[in-house]
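[1] My questions are about this predicted structure, shown below with the sequence.
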Amino acid sequence: MENIKRLSVLLLGILLISVMLTGCGNGNDSVKTGLAVVNSISNSTDAVDGEGVAEINTMIYAVTVDGAGKILKCAIDAVQTKAGFSDSGAVITPLDTMYKTKNELGDEYGMKSNSKIGREWNEQASSFAEYVVGKTAKEVSGIAVDDQTYPTGADLTSSVTIHIGDFITGVQKAIENAKNIGSGKDDKLGLAARTDIAKSVSAGDKPGYIQAYSFYAVTTTDANGKITGCILDGSQTNVNFDTTGKITSDLNAVFETKNELGDKYGMKSQSGIGKEWNEQAAAFAANVVGKTAAEVEGITVDETKHATGADLISSVNISIGEFQETIIKAINGAK
């Protein structure tokens, strides 16, 4: 009987150790990584005195969270894509215009001189991102704000005086979207975006539109600069207008990213490999795990930026040039 008790205690000890090891592992099993993107065209205006403005405001959030749902790392960025069109429906802004994110613009964005605390947008966004580290989604939602979503807590108002309502909901969404992709608790977190308006079209027999075409990348990298996890997404956000320069889009419309659209994006039926855009983006993201920025840059492509390697062409037959560029930016800017 005594031997049975000893054996039971031994087995229980082994079970407890096994559970602990499963929960901890190398630190990756319980760490999740999330991305959230919110696009708005509400500030766009009809052509007045000859020119209208399509303004696409894109907010981008990335987080890593631990097994208890607490934020380990957070990154916040934004893109303000402004392009003009005439009162005859012609696109005025050059189609080769590229748009920097607010973090990339830094002082160029021009908020500091109008800030009562003398801080630029990117500095305030960074302070908010640091402030939410250690918090859960519920705790983020409880951050005190006034009726215009300005922060009211003394621990935040010294470093952040801009509206934070979007920050709060965006970080919550990133936490909700988080999944286990191999990231570790000590990994650096990178967030980057690439935006152009190259596919915009002037109005004629059909309505014209300004299209903000963006690619997004979240990366986590280890101490050796190798990618441990990667998320890729994209969005095509249009502001439509007619030949009189009047906007015909719903300015309050909700825009989904390509990952959110999934099969609704409609690439699968046109794909030679029967895979939707989000599936191909996920396959490329998985392929770069274990690579450094230099190795991502070195992935072989043809003159149209399509992958040529046998390890990729069966799962990715869309252009990967923008993926490479955005991933490299994310790695280089990781903290």
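    Arrived safely.
[2] mind showing which ranges of the protein have poor pLDDT?
    1-29 (pLDDT under 70).
[3] Do a quick rundown of the helices in the stretch 1-150 of the chain.
    With DSSP state H, counting those that start in this stretch, the ranges of helices along the stretch 1-150 of the chain come out as 2-24, 102-105, 121-131, 137-141.
[4] Which residues are in contact with residue 227?
    Listed by Cβ atoms under 8 Å, 6 or more residues apart in numbering, the contact partners of residue 227 are 219, 220, 221, 288, 289, 290, 291, 292, 296, 327, 331. Yep, even glycine has a C-beta here, placed from its N, CA and C like the rest.
[5] redo that, cut-off 10 Å
    Listed by Cβ atoms under 10 Å, 6 or more residues apart in numbering, the contact partners of residue 227 are 181-183, 187, 190, 219-221, 285, 287-293, 295-296, 327, 330-331, 334.
[6] same thing with residue 53?
    Residues in contact with residue 53 (Cβ under 10 Å, 6+ apart) are 43-47, 82-85, 92-93, 210, 239, 247.
[7] Same question for residue 163.
    Applying Cβ under 10 Å, 6+ apart to residue 163 gives the contacts 145, 146, 148, 149, 150, 151.
[8] what about 6 Å?
    Residue 163 is in contact with residue 149, counting by Cβ atoms under 6 Å, 6 or more residues apart in numbering.
[9] Could you tell me whether it really is in a strand?
    No: membership of residue 163 in a strand is not supported by DSSP: H, G, I helix; E, B strand; the rest coil, which gives coil.
[10] got the phi/psi numbers for it?
    The phi and psi values for residue 163, taken as degrees, to the nearest 10, are phi -60, psi 140.
[11] Make a PyMOL selection of the buried ones in the contacts of residue 227.
    Restricted to buried positions by 16 or more other Cβ atoms under 10 Å, the PyMOL selection for the contacts of residue 227 reads:
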select buried, resi 181+182+183+187+190+219+220+221+285+287+288+291+292+293+296+327+330+331+334
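[12] Now, the contacts of residue 227 that are in helices?
    285, 287, 293, 295, 296, 327, 330, 331 (DSSP state H).
[13] So what touches stretch 318-332?
    190-192, 194, 215, 217, 219, 221, 232, 280, 284, 293, 296-297, 305-307.
[14] From these, list the buried ones, please.
    Listed as buried from those are 190-192, 194, 215, 217, 219, 221, 232, 280, 284, 293, 296, 307; burial here means 16+ other Cβ under 10 Å.
[15] Mind picking the two most distant members of these?
    The largest separation in the buried ones among the contacts of stretch 318-332, counting by Cβ to Cβ, is between 191 and 307 at 23.7 Å.
[16] correct me, but residue 210 touches residue 239?
    Yes: assessed by Cβ atoms under 6 Å, residue 210 is found in contact with residue 239 at 4.8 Å.
[17] list the residues that contact both of those two?
    By Cβ under 6 Å, 6+ apart, residue 210 and residue 239 have these common neighbours: residue 54.
[18] And the two? Which one has more around it.
    residue 210 (32 against 26; other Cβ atoms under 10 Å).
[19] What strand or helix carries the more buried one?
    Residue 210 belongs to strand 208-221 when assigned by DSSP states H and E.
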